[in-house]
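[1] A predicted structure for the sequence below; I have some questions about it.
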Amino acid sequence: MFYTHTPKMMGGKKSDILTDLMLSNLICELPEYVQFFDWRRLYKMDIDGKSYIKFFETTRGYENTVIVVQDEYGYVFGAYTTESWK
């Protein structure tokens, strides 16, 4: 199923990893109640640094988060959590 709604990225930034099609496919797999949320990038390793501490400082307290990772070989994977980061 192709999802026709692509959420807005707050701040107008697009993903450097996900194409619109990939994002639409990802949204289809999320719980219905979050599918229409607008998205905000909380952490980006290229900007925020390669630090677990910085990651947790930046994401602490946010619920319904998606992590998207692209490895050195170009593979894209990730995770979704309803729980806030602690």
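    Alright, I've got the coordinates.
[2] since we're on T82, how many residues are nearby?
    11 (other Cβ atoms under 10 Å). Every C-beta, even on glycine, is put in place using the N, C-alpha and C of the backbone.
[3] ok, now which ones touch it?
    31, 63-64 (Cβ atoms under 8 Å, 6 or more residues apart in numbering).
[4] Most neighbours out of those residues, which is it?
    The residue in these with the most neighbours, by other Cβ under 10 Å, is N64 (15 neighbours).
[5] Nearest spatial neighbour of that one, chain-adjacent residues omitted?
    Counting by Cβ to Cβ, 6 or more residues apart in numbering, N64 lies nearest to V34, which is 5.0 Å off, once chain neighbours are set aside.
[6] Which residue is the nearest non-sequential neighbour of M22?
    Nearest to M22 is V76, by Cβ to Cβ, 6+ apart, at 7.2 Å.
[7] With L18 instead?
    According to Cβ to Cβ, 6+ apart, the nearest residue to L18 is V68 (6.1 Å).
[8] where does the residue most central in space within the chain land on pLDDT?
    Against the mean C-alpha coordinate of the chain, by Cα atoms, centre = their mean, the closest residue is V66 at 3.8 Å. pLDDT for V66: 91.
[9] For the longest helix belonging to the chain, buried residues please.
    Taking DSSP state H as the criterion, the chain has its longest helix at helix 20-29. Using 16 or more other Cβ atoms under 10 Å as the test for burial, helix 20-29 gives 23-24, 26-27.
[10] swap in stretch 55-62?
    Result for stretch 55-62 [16+ other Cβ under 10 Å]: buried residues 55, 59.
[11] and V66, what element?
    strand 65-70 (DSSP states H and E).
[12] related to what we said a few turns ago, my read: the residue nearest to M22 touches I17, true?
    Yes - using Cβ atoms under 8 Å, V76 is in contact with I17, at 5.9 Å.
[13] what's the overlap in contacts for the two?
    68-70.
[14] coming back round to it: what packs against the longest helix of the chain?
    Judged by 3 or more Cβ pairs under 8 Å, 6 or more residues apart in numbering; DSSP states H and E, helix 20-29 is in contact with strand 76-81.
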